[in-house]
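Participant: structure, please.
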Amino acid sequence: MARYTGPTSKIARKFGEPIFGEDKALEKRNYPPGHHGPNKRRGKQSEYAIQLKEKQKAKYTYGILERQFRNLFERSQRSKGITGEILLQLCESRLDNVVFRLGIAPTRKGARQLVSHRHITVNGSIVNIPSYSLKPGDVIGVREKSKSLDAIQRSLSAKSNVYEWLAWNEETMEGRFVTVPERIQIPENINEQFIVELYSK
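Facilitator: Residues are numbered from 1 along each chain as shown. As a prediction, this is how the structure comes out:
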């Protein structure tokens, strides 16, 4: 499936946030990209433009393309509860996102690659589908042959964030998806209500 492979700094500057991780280019030029730079007059955005921008931010953040994202939205609509909150919970439950959150990979893009290249297991079996939806209690591990990979070792040694809905065992290099996170526990700066309003038009 196609993925965005263009310049990440340009996208981060567009949204004014380091959505792909730390970005020195964004720190130096904290304004949208474009020929006229920070001096360009930018008019007031319409309601539609604001909603569309929020949807694009969510898609870039989680590395999901339009059809898949819409499917997640429709699934969240059919579920009981707040649609926008469930949408983000479904994004957070993806295998590639959890591999990133556990610190096995430094970015979601890197996590997606590890999953696709069959380095990750779920409940003891190799799963190579990045969009695989995890359930509470699932155990995510690094395949035995892959535990010595430099990329994984470097990422785990630099790991700093700890999330309440995940548990990590350093000795076995396994993590547990304890529970689906509440909205307040999801650190992403996304206004999910704008996305719901956009799709509901």
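Participant: ok, the residue nearest to residue 138 when sequence neighbours are not counted - how many residues close by?
Facilitator: Nearest residue to residue 138, sequence neighbours excluded (C-beta to C-beta, 6 or more residues apart in numbering): residue 177, at 4.7 Å. Using the backbone N, CA and C atoms, a C-beta is placed for each residue, glycine as well. Other residues near residue 177 number 23, with proximity taken as other C-beta atoms under 10 Å.
Participant: what of residue 69?
Facilitator: Counted with other C-beta under 10 Å, residue 69 comes out at 20.
Participant: what's across from the residue nearest to residue 138 in the sheet?
Facilitator: residue 166 (DSSP bridges).
Participant: separation between it and residue 105?
Facilitator: 16 Å (C-beta to C-beta, to the nearest Å).
Participant: tell me where the chain has helices.
Facilitator: 8-15, 24-28, 47-62, 66-78, 83-92, 95-101, 108-116, 150-157, 192-199 (DSSP state H).
Participant: worst average pLDDT in these?
Facilitator: Ranked by mean pLDDT, the helices of the chain bottom out at helix 24-28, with a mean of 54.
Participant: spatially central residue in the protein, please.
Facilitator: In the chain, the residue lying closest to the centroid (C-alpha atoms, centre = their mean) is residue 62, at 3.0 Å.
Participant: pull the contacting residues for the closest residue to residue 100 other than its chain neighbours.
Facilitator: Excluding the flanking residues, the one nearest residue 100 by C-beta to C-beta, 6+ apart is residue 111, at 4.1 Å. Taking C-beta atoms under 8 Å, 6 or more residues apart in numbering, we find residue 111 in contact with 96, 97, 99, 100, 104, 105, 130.
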